[in-house]
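S.K.: I would like the atomic coordinates for the input below:
(one chain, ligands or ions: 1)
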Amino acid sequence: MLAVFACDPAQSRGRRFAQPPAPTRTEYQRDRDRIVHCTAFRRLVYKTQVFLNHEGDLFRTRLTHSLEVAQLGRSIARSLRLNEDLVEAIALAHDLGHTPFGHAGQEALNDCMAEFGGFEHNLQSLRVVDQLEQRYPQFDGLNLTFETREGILKHCSRSHAEQLELNEPGGVGQRFLVHGQPSLEAQLCNLADEIAYNAHDIDDGVRSGLITLEQLQEVPLFDDFRRQTLAEYPHLLDQVQGRRLLYETIRRMLSAQVLDVIEASTVAIEDAQPQSVSAVRQMAPLLKFGEDMRLKSQRLKQFLLHQLYRHPRVLHTTGQAKQVVRSLFQAYRANPQEMQGGYSARSDAVRGALQEASSPERVVADYIAGMTDRFAGREHERLMNLKLLVG
Ligand code: MG
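M.R.: Below you'll find the predicted structure:
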């Protein structure tokens, strides 16, 4: 059933530590299962997507977001005859490296790490599955296949790619140096990510009261389907039914984007005729929106940026979140023994190390990045005697 340009687990470029095949599962199923069972995956449930965890129980978290990305990704993968298991593995792992408090946490940690190699959440997701998860007797990390790791490392700066290339020649860092593309499964996860957050941030934004259905009328991708829905179900204009109008509009938006990706990508694949995954890696991106949908999606992103992500109430909480991360960084750096779970010992072990990837500061960054929102909040209260981020 797989297309010639799909990733075939039997042709995988393999794992860093060779292991015998599993009796009943393919290599990508096995990757997915390792991800679902790892500690970092369970922490996603208490990590912020846009709204901080304490703000409400119904908002998306990194975990529900990742599940939505996996759902959208799998459904597109099946239509395009791509490898669904690989898509699912990448989607479930793609946000494992996120700090607490969403992008605010990542920005603050990147600032703290400015002199020590910076902090990138995509690279951190790879660090989680390559090193930080410690649950197997023979190796650090989850020892995932090349293809899953390739998909997890969505972006990477040139300097970090060079570092990766030194440790793993011809590995997952290489494509950022030679301007190659990843597999179609990885390309698909990037698009599914975008489709998922555009839709659920509208839902969460309206739920929070920070954006309104009236404001959304300036967004064509949303408003076209809102009108279409109302034409069919005029009774949804009623206030009491407003939620159903929102849900139906979002449902139609999602379907339209999924169909658009399938159609536009089918055309691109037919034009390019890739005969293998290696051919795909050398071509321009083939998984894409059609031009019209790309522009509409861009408009929606702009809207969410200005009206939601930069809303004064969001900025107020993210300002506090940054303060929490900065204070924690300084506190652990000064007193590494305050870190639990072996991090304090790791910090002792690397004292004096010169490599950015194994400096005492990197240990602190790994520790903070692994925290859930509420653990970070509690640690801040314990170490600073100051309670921030209460709803
Ligand atoms: Mg994501």
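S.K.: what sits closest to the residue in the stretch 151-300 of the chain that the ion sits nearest to if chain neighbours are left out?
M.R.: With CB to the ion, the shortest gap between the stretch 151-300 of the chain and the ion falls at D193, namely 4.3 Å. Yep, even glycine has a C-beta here, placed from its N, CA and C like the rest. Leaving aside its sequence neighbours, D193 sits nearest to V69 (CB to CB, 6 or more residues apart in numbering; 5.1 Å).
S.K.: okay, buried residues for the helix-or-strand element of the chain with minimal mean pLDDT please.
M.R.: One helix or strand of the chain scores below all others by mean pLDDT, DSSP states H and E: helix 343-350, with a mean of 88. Within helix 343-350, the residues that qualify as buried are Y343, S344, R346, S347, V350, counting by 16 or more other CB atoms under 10 Å.
S.K.: would you agree R16 is in contact with T145?
M.R.: No - using CB atoms under 8 Å, R16 makes no contact with T145, being 9.4 Å away.
S.K.: looking at these two, which is more packed in?
M.R.: The neighbour count for R16 versus T145, taken as other CB atoms under 10 Å, is higher for T145 (22 against 16).
S.K.: give me the phi and psi for the more buried one.
M.R.: phi -70, psi 160 (degrees, to the nearest 10).
S.K.: one step back: what residues does the least confident helix or strand of the chain touch?
M.R.: For helix 343-350, contacts defined as CB atoms under 8 Å, 6 or more residues apart in numbering pick out P336, Q337, E338, M339, S358, S359, P360, R362, V363, V364, D366, Y367.
S.K.: what's the answer for stretch 8-28, then?
M.R.: Residues outside stretch 8-28 that contact it (CB under 8 Å, 6+ apart) are 2, 7, 29-30, 33, 83, 85-86, 89, 130, 138-139, 143-148, 168, 277.
S.K.: just how off-centre is it within its chain?
M.R.: Stretch 8-28 has its C-alpha centroid displaced from the chain centroid by 24 Å (CA atoms, centre = their mean, to the nearest Å).
S.K.: can you give me the end-to-end span of it?
M.R.: 9 Å (CA to CA, to the nearest Å).
S.K.: the most centrally placed residue in the chain: which element?
M.R.: Centrality entry for the chain: nearest residue to the mean C-alpha point is D95, 3.2 Å, by CA atoms, centre = their mean. Using DSSP states H and E, D95 sits within no helix or strand.
S.K.: mind checking how far it is from the ion?
M.R.: Taking CB to the ion, to the nearest Å as the measure, D95 falls 5 Å from the ion.
S.K.: just to revisit the earlier point, in contact with the residue nearest to D193, which residues?
M.R.: Residues in contact with V69 (CB under 8 Å, 6+ apart) are A91, H94, C189, A192, D193, A196.
S.K.: the helix or strand where N198 lies: how far from the chain's middle?
M.R.: Using DSSP H and E, N198 maps to helix 184-208. Put simply, helix 184-208 sits 10 Å off its chain's centre (CA atoms, centre = their mean).
S.K.: helices of the stretch 101-250 of the chain, start to end?
M.R.: 102-112, 121-127, 146-152, 158-167, 174-178, 184-208, 220-232, 242-272 (DSSP state H, counting those that start in this stretch).
S.K.: got the ones you listed as TSV, with mean pLDDT columns?
M.R.: Shown next, in TSV, are the helices of the stretch 101-250 of the chain (pLDDT from 0 to 100):
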stretch	mean pLDDT
helix 102-112	94
helix 121-127	96
helix 146-152	98
helix 158-167	94
helix 174-178	97
helix 184-208	95
helix 220-232	97
helix 242-272	96
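S.K.: now for those, which one comes closest to K322?
M.R.: Smallest distance to K322 across these (CB to CB): 3.9 Å, for helix 102-112.
S.K.: and that closest one, what does it pack onto?
M.R.: Using 3 or more CB pairs under 8 Å, 6 or more residues apart in numbering; DSSP states H and E, the elements in contact with helix 102-112 are helix 312-334, helix 360-369.
S.K.: looking at the ones you listed, which is buried most?
M.R.: Each of those was assessed for mean neighbour count using mean count of other CB atoms under 10 Å. The highest is helix 360-369, with a mean of 23.
S.K.: after it, heading C-terminal, what element do we hit next?
M.R.: Downstream of helix 360-369, the first helix or strand assigned by DSSP H and E is helix 373-384.
S.K.: list the buried residues for that next one?
M.R.: Of the residues in helix 373-384, those buried by neighbour count under the rule 16+ other CB under 10 Å are D373, A376, G377, E379, H380, L383.
S.K.: that helix - contacts with which helices or strands?
M.R.: Using 3+ CB pairs under 8 Å, 6+ apart, helix 373-384 sits against helix 312-334.
S.K.: ok, and what's touching the helix it packs on?
M.R.: With CB under 8 Å, 6+ apart as the criterion, helix 312-334 contacts 48, 50-52, 55, 99-105, 107-109, 111-112, 210, 308, 338-339, 360-361, 364-365, 367-368, 376-377, 379-380, 383-384, 388-389.
S.K.: PyMOL command for the buried members of the contacts of V69?
M.R.: Selection of buried members from those for PyMOL, criterion 16+ other CB under 10 Å:
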select buried, resi 91+94+189+192+193+196
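S.K.: what is the nearest of the contacts of V69 to V240?
M.R.: Closest approach between the contacts of V69 and V240, by CB to CB: A196, at 28.1 Å.
S.K.: for that closest one, give its distance to A6.
M.R.: Distance check for A196 against A6: by CB to CB, to the nearest Å, it reads 22 Å.
S.K.: then Q323?
M.R.: Going from Q323 to A6 by CB to CB gives 46 Å.
S.K.: can you list the residues of the stretch 1-150 of the chain near the ion?
M.R.: Counting by CB under 5 Å from the ion, the stretch 1-150 of the chain comes close to the ion at D95.
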